[in-house]
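Trainee: Have a look; sequence and predicted model below, questions after that.
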Amino acid sequence: MIADLLSIVKISIFQPRCKLCDNILVSRDEKIICNECKSKIRINLEPVCKKCGKLLHIDGNLCGECLINPPIFRKHISYSIYEGEIRDLILLYKYLEIEKLKKLIASYYIELFYKKVDEEFDFIIPVPSDDGRKREYDHILEVSKTLSKELGIKISPYNLTKIKRTLPQAGLSMRKRLNNLNGAFKLNDPVEISKKKILLIDDVYTTGTTVKKCAKLMKREKADVVVLTLARST
Ligand SMILES: [Zn+2]
Ligand SMILES: [Zn+2]
């Protein structure tokens, strides 16, 4: 009886739990997050704007905003909408810096790449993820290194750098977002990317201000930029 009780206590204390829903991980292949949570993360295959990747209610070409004021990059595409399990997973990887999640995160970019992009690129370039706090683990750089290996595209990890401390973009108005990132990025070697095809990697696309600032620098060098993110706000 006591042994039974002890084993139950031991199981509940020492069994690893899903970091998203807190359920006990029962299957051998479940690591960090459970299979049920994983199954809820699915690629969005609904019609999107061919330029900015925004969800369209009917299958069409471009959204109203891109018709009037097209973004500087050639196209942006997201794996999913920033909500539920994928949002929690992104936050988990970003803030708890769980290295073991890198492979899973990378698998979503890879699926997205083959389903919706699948073309040749000269370089993968990660968006510098420093948002004012010094990070030991640059989550976008690390996942980009995996993508470079898996997709067979060269990575240029340190060409695009952040040279100004900025406030976190989340919670700022559109105007403040733009001002916040003024002069924040720099290309250390513009010649390297001149007239090249660039796959720019970021995690979340909210208003697109960050990737637009980065793409603007690259466009000056006549680079052709396609942006890949895990999730967009709508
Ligand atoms: Zn779970
Ligand atoms: Zn659009």
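Mentor: Structure received. Numbering: from 1, shown residues only. Ligands and ions are numbered 1, 2, ... in the order given.
Trainee: and residue 161, bridged to which residues?
Mentor: Judged by DSSP bridges, the bridge partners of residue 161 are residue 186.
Trainee: I'd guessed it sits against residue 185; true?
Mentor: Yes. With contact defined as Cβ atoms under 8 Å, residue 161 and residue 185 form a contacting pair (7.0 Å). (Glycine included, C-beta is placed from N, CA and C.)
Trainee: Buried residues in stretch 227-234, which are they?
Mentor: Of all the residues in stretch 227-234, those buried under the rule 16 or more other Cβ atoms under 10 Å are 227-232.
Trainee: For these, work out which two are farthest apart.
Mentor: 227 and 231 (12.7 Å; Cβ to Cβ).
Trainee: Report the set of residues contacting both of those two.
Mentor: Common neighbours of residue 227 and residue 231 (criterion: Cβ atoms under 8 Å, 6 or more residues apart in numbering): residue 205.
Trainee: Output the buried residues of stretch 227-234 as CSV; include the columns distance to residue 116 and secondary structure.
Mentor: Formatted as CSV, these follow (distance: Cβ to Cβ, whole Å; DSSP: H, G, I helix; E, B strand; the rest coil):
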residue, distance to residue 116, secondary structure
227, 12, strand
228, 9, strand
229, 12, strand
230, 13, strand
231, 14, strand
232, 13, strand
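Trainee: more crowded one of residue 161 and residue 185?
Mentor: Ranked by neighbour count (other Cβ atoms under 10 Å), residue 161 and residue 185 place residue 185 first, with 20 against 13.
Trainee: For burial, what's the neighbour tally of residue 151?
Mentor: For residue 151, the tally of surrounding residues (other Cβ under 10 Å) stands at 19.
Trainee: so after the helix or strand of the chain with the lowest mean pLDDT, what's the next helix or strand?
Mentor: None of the helices or strands of the chain scores lower by mean pLDDT, DSSP states H and E than helix 2-14, at a mean of 60. Going down the chain from helix 2-14, the next helix or strand is helix 35-39, by DSSP states H and E.
Trainee: now check that following helix, is it near ligand 1?
Mentor: Yes. Residues of helix 35-39 contacting ligand 1 under Cβ under 5 Å from the ion: residue 37.
Trainee: Would you mind pulling up the elements that that helix packs against?
Mentor: For helix 35-39, the packing partners by 3 or more Cβ pairs under 8 Å, 6 or more residues apart in numbering; DSSP states H and E come out as helix 84-95.
Trainee: what do residue 161 and residue 185 both touch?
Mentor: Going by Cβ under 8 Å, 6+ apart, residues that sit against residue 161 and also against residue 185 are residue 128.
Trainee: got the residues of the protein near ligand 1?
Mentor: 18, 20-21, 34, 37.
Trainee: Going by residue numbers, what spans are strands in this protein?
Mentor: In the chain, strands defined by DSSP state E lie at 75-81, 123-126, 160-162, 185-187, 197-201, 204-205, 224-232, listed in chain order.
Trainee: Now do the same for the nearest residue to residue 42 once chain neighbours are set aside: its pLDDT.
Mentor: Spatial nearest neighbour of residue 42, chain neighbours left out: residue 80 (6.9 Å); criterion: Cβ to Cβ, 6 or more residues apart in numbering. For residue 80, the pLDDT comes out at 96.
Trainee: Any idea what residue 80 is bridged to?
Mentor: Applying DSSP bridges to residue 80 gives these bridge partners: residue 231.
Trainee: Just confirm it contacts residue 233, I think it does.
Mentor: No. Counting by Cβ under 8 Å, residue 233 is not a contact partner of residue 80; they are 11.2 Å apart.
Trainee: Around residue 69, count how many other residues there are.
Mentor: As a burial measure, residue 69 scores 7 neighbours (other Cβ under 10 Å).
Trainee: likewise residue 155?
Mentor: Around residue 155 there are 20 residues (other Cβ under 10 Å).
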